[in-house]
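# got a predicted structure plus its sequence, pasted below:
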Amino acid sequence: MKILVIGSGGREHALCHTFLRQGHQVVALPCNAATSKLSPQKAVSPENTSKLVKFAQENDIALTVVGPENYLANGIKDIFSKKGLKLFGPLQEATKLESSKSWAKEFMHKYQIPSARFFTCRTSQKAKQIIRDHFAEWGGVAIKPSGLTAGKGVMCCKTLQDAEEAIRIHFDEKRYGDASDKVVIEELLQGPECSLLAFCDGKTMIPMIPSQDHKRLWENDAGPNTGGVGAYAPVPLIGEQILQEIYDQIMEPTNQGLKEEGILYQGVVYFGIMLTAQGPKVLEYNCRFGDPEAQVVLPLLQSDLAEIMLACCDGTLAQKKVTWKPQSACVVVMCSGGYPHSYQTGYQIYGLEDFQNDDNVIVFHAGTKINDHKKVVTNGGRVLGVTGIGDSLNEAVGHAYRCVSKLSFTDAHYRRDIANQSLREFAT
């Protein structure tokens, strides 16, 4: 099958890698250093949807897969569908689950899907009043811009001073632009987090294996929020009982709620879950594969990913069996120094050739490119996702860090404790 993958990050490299190992032909737009060999001779900008459609038609593309949320929120699926082209991802209306946190919270409330208590506000005055009224009762607040912020806009505040500063950033500084026209203020939930992705065809949802993301930049979950600097799968803490609870209380009510709203959802639903003392609760929905979660979930997929995606597009997912390798995976993200704020790019990356034939490691490229001297250099905040695969989580973590220790570029930064807490808990 000939597949077009749109996006140039680590998630998209993981998609390309999965399709290739399962015997498919892949075209990637735009590209990083690793996916550049999959790019067409004549570049097509993914921003130009009409040219993308023409490219798909002229090159016999059987399936288009979109990585980043912004293309989906702008309606690329709607346009492809009208031309009779298969694209894996939800229609524009369905992306409200991610593109409007205020809509998503109202949806959860309407369909009694467990989530944090919340308010939506449009002014700093109202936001400050809500914080004053509820901060002590809630034990802190999470402040979220309603719109898209590439996973970086959420601020978890454990002091009133932090909450007031977050309000200033969103409403006064407007750091996240129009995304902060509305802000959701939530009760700060406590407990372990996990990500649970599901394939959906508009009728059936099939969950993938659970994973756990590491959002904070520094060890021990300190420092600023990021798009994600590490992840592992599966999560030992989440057994069959908890998975069933999540499916019964969260996934299936979400599926039924979408049907009640008249929304045809075909694609991936990402459930960000907090395992609280009162049970699992939804932190957020996303309308695409998580990044870096895709870099640990997809390498463990045994079933043919393209066939599953086509079944989602055709409404025949119930006929598919999704199977997984009985292994674990851990990804450590190597970042540019200064990320998620300002950082320099263009630094050569050393050591990549040492791991091209290592069956226990996959180096996924994100912010990379090939420079004029044919060298692989840094080209973004999150540069590489180094995934280790093993028969146990401990083995997978070891393989990932073994590889990371032999890769280098100027000002490289990475966390040294990915999956540590889970390993400690599992050991006891």
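Received the coordinates, thanks.
# tell me the helices and strands packed up against the worst-scoring helix or strand of the chain on mean pLDDT.
Sorting the helices and strands of the chain by mean pLDDT, DSSP states H and E puts helix 420-427 at the bottom, at a mean of 80. In terms of contacts (3 or more C-beta pairs under 8 Å, 6 or more residues apart in numbering; DSSP states H and E), helix 420-427 is packed against helix 393-404. No exception for glycine: its C-beta is placed from N, CA and C like everyone else's.
# and Lys196, which of the three is it?
Heads up, residue 196 is Leu, not Lys. strand (DSSP: H, G, I helix; E, B strand; the rest coil).
# coming back round to it: list the buried residues for the least confident helix or strand of the chain?
Within helix 420-427, the residues that qualify as buried are 422-423, counting by 16 or more other C-beta atoms under 10 Å.
# what does it rub up against?
With C-beta atoms under 8 Å, 6 or more residues apart in numbering as the contact definition, helix 420-427 has outside contacts at 212, 232, 235-237, 393-394, 397.
# may I ask which of those has the most neighbours?
Highest neighbour count within the contacts of helix 420-427: Tyr232, with 29 neighbours (other C-beta atoms under 10 Å).
# for the helix or strand encompassing that one, packing partners?
With secondary structure defined by DSSP states H and E, Tyr232 is part of strand 230-233. In terms of contacts (3+ C-beta pairs under 8 Å, 6+ apart), strand 230-233 is packed against strand 212-213, helix 294-297, strand 328-336, helix 393-404.
# and the ones you listed: which comes nearest Ala318?
Ala318 lies closest, by C-beta to C-beta, to one member of the helices and strands packed on strand 230-233: helix 294-297, at 21.1 Å.
# now whichever helix or strand comes after the closest one: how far from the chain's centre is it?
Later in the chain than helix 294-297, the nearest helix or strand by DSSP H and E is helix 305-314. Put simply, helix 305-314 sits 19 Å off its chain's centre (C-alpha atoms, centre = their mean, to the nearest Å).
# show me what helix 305-314 packs onto, helices and strands only.
helix 10-21, strand 63-66, strand 87-88, strand 193-201, strand 266-276.
# and the angle for the longest one with helix 305-314?
Looking back up the chat, that one is helix 10-21. Here helix 10-21 runs at an angle of 110 degrees relative to helix 305-314 (axes from the mean of the first three to the mean of the last three C-alpha atoms, to 10 degrees).
# other residues contacting helix 10-21?
Under C-beta under 8 Å, 6+ apart, the answer for helix 10-21 is 3, 5-7, 26, 28, 32, 34-35, 38, 65, 67, 288-292, 294-295, 298-299, 301, 305-306, 333, 362, 364-366, 382, 384-385.
# can I get the CA coordinates of it in CSV?
Extracted C-alpha coordinates of helix 10-21, given in CSV (Å, rounded to 0.1, in the frame of the first residue of the first chain):
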residue,chain,number,x,y,z
GLY,A,10,9.2,12.1,16.0
ARG,A,11,5.6,10.9,15.9
GLU,A,12,5.6,11.0,12.1
HIS,A,13,8.9,9.2,11.9
ALA,A,14,7.4,6.5,14.1
LEU,A,15,4.5,6.2,11.7
CYS,A,16,6.8,6.0,8.7
HIS,A,17,9.0,3.4,10.5
THR,A,18,5.9,1.2,11.3
PHE,A,19,4.5,1.3,7.8
LEU,A,20,7.9,0.5,6.3
ARG,A,21,8.6,-2.5,8.6
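# tell me how far it lies from the chain's centre.
Worked out by C-alpha atoms, centre = their mean, helix 10-21 lies 14 Å from the chain centre.
# do the same with the third one
When C-alpha coordinates are averaged (C-alpha atoms, centre = their mean), strand 87-88 and its chain have centres 17 Å apart.
# packing partners of it?
strand 63-66, helix 76-82, helix 305-314.
# so which of those gets nearest Pro224?
Here strand 63-66 is closest among the helices and strands packed on strand 87-88 (C-beta to C-beta), at 27.6 Å.
# what bridges to Ile3?
Val26, Leu63 (DSSP bridges).
# how far away is it from Ala306?
Between Ile3 and Ala306 the distance is 6 Å, computed by C-beta to C-beta, to the nearest Å.
# give me the common contacts of those two.
With C-beta under 8 Å, 6+ apart, Ile3 and Ala306 have common neighbours 19, 24, 63.
# closest one to Leu243 out of these, please.
Phe19 (26.9 Å).
# and for the closest one, the neighbour number?
A total of 25 residues lie near Phe19 under the criterion other C-beta under 10 Å.
# quick revisit: return the most buried member of the helices and strands packed on strand 230-233.
helix 294-297 (a mean of 30; mean count of other C-beta atoms under 10 Å).
# give me the contact list for that one.
10-11, 14-15, 197, 208-209, 211, 231-233, 289, 329-331, 362, 364, 385, 387.
# and if you look at stretch 275-284?
Here stretch 275-284 has contacts from 98, 101, 104, 108, 113-116, 144, 154, 189-194, 237-238, 242, 245-246, 249-250, 270-274, using C-beta under 8 Å, 6+ apart.
# buried residues in that stretch?
275, 280-284.
# look up how far Phe364 lies from the nearest residue to Ala366 once chain neighbours are set aside.
Once flanking residues are discounted, Ala366 sits nearest to Gly10: 3.8 Å by C-beta to C-beta, 6 or more residues apart in numbering. Noted for Gly10: a distance of 4 Å to Phe364, by C-beta to C-beta.
# okay, these two: which has more neighbours?
The residue with more neighbours, out of Gly10 and Phe364, is Gly10; 32 against 28, by other C-beta under 10 Å.
# give me the pLDDT value at that one.
For Gly10, the model assigns a pLDDT of 98.
# neighbours around Thr64, how many?
If we define neighbours as other C-beta under 10 Å, then Thr64 has 25 of them.
# with the one 4 residues further on instead?
Pro68 has 18 neighbouring residues, counting by other C-beta under 10 Å.
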